[in-house]
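Q: model the following, please.
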Amino acid sequence: MSFELSYCPNGQDVLSRLRKLYQTRSRDIILAKMNIPSKAVAEFAQTHKPGYCDYPDIKERVQFWDSYLKEQIEVNDDSIPSAYLTEMDQGLYGGLFDGDVRFLCDTSTGWISSMVPPLLKSWDDFEKLNFSTEHEWFGRYVEQLDMFIAGSNGKFGIRHFVLINGLNFLFELIGATQAYLDLTERPEMIEKTFDLAYKMNLEIHKTFFEKTPLLQGGTCSGMVQWIPGKIVAESIDPFHMTSLDYFEKWGRGPVEKIFSDFDGGIVHIHSNGRHLLGSVSTLKGLKAIRLYDEPGNPPALEVIKTLKERAGDVPIVCNAKFTEFCKALTEHTLVGGVLYDVSGVPDVQAANKWMDMVRGYKP
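A: Numbers count the residues shown, from 1 in each chain. Predicted structure coming up:
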């Protein structure tokens, strides 16, 4: 099943460029997403308080995304408008096991995310965990997904959302510190945890693709915009502070296993995890890597040539500040095979002016 998006009038051209990046892995082009100021986010900040909150009215959440994405219609960039079920973040995975789900309102983005404290007091309670699609939280997930799909109504897509799999799920069970210790001290529980996480994630994301129409045969994504096939999004965050050996021993297996059940997957890497880039780029089924900047490390734009060399032919998406991006574009120092997610773009006119240069750029 496929459809067009009325909030993306130049969609076919955008999809053609995204296919060239992700399907043929061309290094002969650059792409860009231009982020202009949002009235919808500004209004959200005026009507909501930052910090912990209740589970929101989903009709209001759909309306927020509708307003936010409608603002982008005149921006002629390489983005695909899509909404994200931010409420179904860590909270969904913990809620399915009766965790204490807590919601957090971010007025700077308009997002309401979720999380849970560690689920287990000790490993003695592990056998009490039972995943079921009959659980209240799975029903809430399906209901919200249905409401988002109905509300999108051919105007925008619905994004895949991040798996809480492998070591990420172990974090949810016992907390990060204990998880690192138990990789050595309780290896027999790690395999059981990973098996349970796999079963849960497979069901959640199979349900997503059973219900959510593909856009021209591809998956909408906040990280990579759109990518051909049914593609899942993995997180390797727990390995950012470990050695490559830890990732190879505990991370590669669960990631490649879940990728093989779909048409592949993407991962994201924060700047303190760039040492993993070479190893991650060899994951079977990997389609793209999203790089995020964090304080204490040089922005990806400053070192993009080195990062791209380490990633090989795997497409990259990275952040870029508007002024620095325009400077690099003018000086012809941008690396090909990369989608640049540009922040701080002043208005639609500036976005479209610089996009003309992006489309004509030859690395």
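
Q: tell me where the model's unsure across the stretch 1-150 of the chain.
A: Along the stretch 1-150 of the chain, the parts satisfying pLDDT under 70 run over 1-3.

Q: now do the helices in it.
A: Taking DSSP state H, counting those that start in this stretch, the helices of the stretch 1-150 of the chain run over residues 11-22, 39-47, 58-70, 90-95, 136-152.

Q: who are the packing partners of the first one?
A: Using 3 or more C-beta pairs under 8 Å, 6 or more residues apart in numbering; DSSP states H and E as the contact criterion, the secondary-structure elements in contact with helix 11-22 are strand 30-34, strand 225-228. (Glycine included, C-beta is placed from N, CA and C.)

Q: gap between the residue nearest the centre of the chain and Ser235?
A: The chain has Met223 as the residue nearest its centroid, 4.5 Å off, counting by C-alpha atoms, centre = their mean. Counting by C-beta to C-beta, to the nearest Å, the gap between Met223 and Ser235 amounts to 11 Å.

Q: then Met115?
A: 14 Å.

Q: go on, Phe156?
A: In terms of C-beta to C-beta, Phe156 sits 24 Å off from Ser235.

Q: what sits against Ala350?
A: Met34, Phe322 (C-beta atoms under 8 Å, 6 or more residues apart in numbering).

Q: remind me which helix or strand the closest residue to Lys284 other than its chain neighbours belongs to.
A: Spatial nearest neighbour of Lys284, excluding adjacent residues (C-beta to C-beta, 6 or more residues apart in numbering): Glu256 at 4.8 Å. For Glu256, the host element (DSSP states H and E) is helix 252-259.

Q: which SSE is immediately downstream of the helix or strand Arg290 falls within?
A: Assigned by DSSP H and E, Arg290 falls within strand 286-292. Using DSSP H and E, the helix or strand that follows strand 286-292 towards the C-terminus is helix 304-311.

Q: so which bits of that following helix are buried?
A: Ile304, Leu307, Lys308, Arg310, Ala311 (16 or more other C-beta atoms under 10 Å).

Q: packing partners for it?
A: Against helix 304-311 (3+ C-beta pairs under 8 Å, 6+ apart) you get helix 277-280, strand 316-321.

Q: the closest residue to Lys362 other than its chain neighbours: neighbour count?
A: Among residues not flanking Lys362 along the chain, Asp28 sits closest, at 6.9 Å (C-beta to C-beta, 6+ apart). Neighbours of Asp28 under the rule other C-beta atoms under 10 Å: 12.

Q: again, but for Val75
A: 23.

Q: give me the neighbour count for the nearest residue to Glu203 once chain neighbours are set aside.
A: Distance criterion C-beta to C-beta, 6+ apart; nearest residue to Glu203, sequence neighbours excluded, is Thr133 at 6.1 Å. Close neighbours of Thr133, defined as other C-beta under 10 Å, add up to 13.

Q: same question for Ala45.
A: Count around Ala45 with other C-beta under 10 Å applied: 17.

Q: buried residues, the lengthiest helix in the chain. List them.
A: Criterion DSSP state H: the longest helix present in the chain is helix 187-211. For helix 187-211, burial by neighbour count (16+ other C-beta under 10 Å) applies to 189-190, 193-194, 196-198, 200-202, 204-205, 208-209.

Q: can you put these in CSV and add pLDDT and distance to Asp347?
A: Converted to CSV, the buried residues of helix 187-211 look like this (pLDDT from 0 to 100; distance: C-beta to C-beta, whole Å):
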residue, pLDDT, distance to Asp347
Met189, 95, 54
Ile190, 94, 51
Thr193, 97, 49
Phe194, 97, 48
Leu196, 97, 49
Ala197, 97, 44
Tyr198, 98, 46
Met200, 98, 44
Asn201, 98, 41
Leu202, 98, 44
Ile204, 98, 39
His205, 98, 37
Phe208, 98, 35
Phe209, 98, 37
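
Q: farthest-separated two in these?
A: Using C-beta to C-beta, the two most remote members of these are Met189 and Phe209, lying 30.5 Å apart.

Q: re the thing from before, run me through the strand neighbours of the strand holding Arg290, direction for each.
A: Sheet pairing for strand 286-292, assigned by DSSP bridges, gives strand 265-270 (parallel), strand 316-321 (parallel).

Q: need the residues that contact it.
A: Outside strand 286-292, the residues that touch it by C-beta under 8 Å, 6+ apart are 22, 223-224, 227, 229, 231, 259, 264-271, 274, 277, 280-281, 300, 307, 311, 314-319.

Q: what is the orientation angle of it with helix 304-311?
A: 150 degrees (axes from the mean of the first three to the mean of the last three C-alpha atoms, to 10 degrees).

Q: how much space separates Ala197 from Asn168?
A: 8 Å.

Q: same question for Val116.
A: Taking C-beta to C-beta, one finds Val116 at 12 Å from Asn168.

Q: thanks again, I'm all set now.
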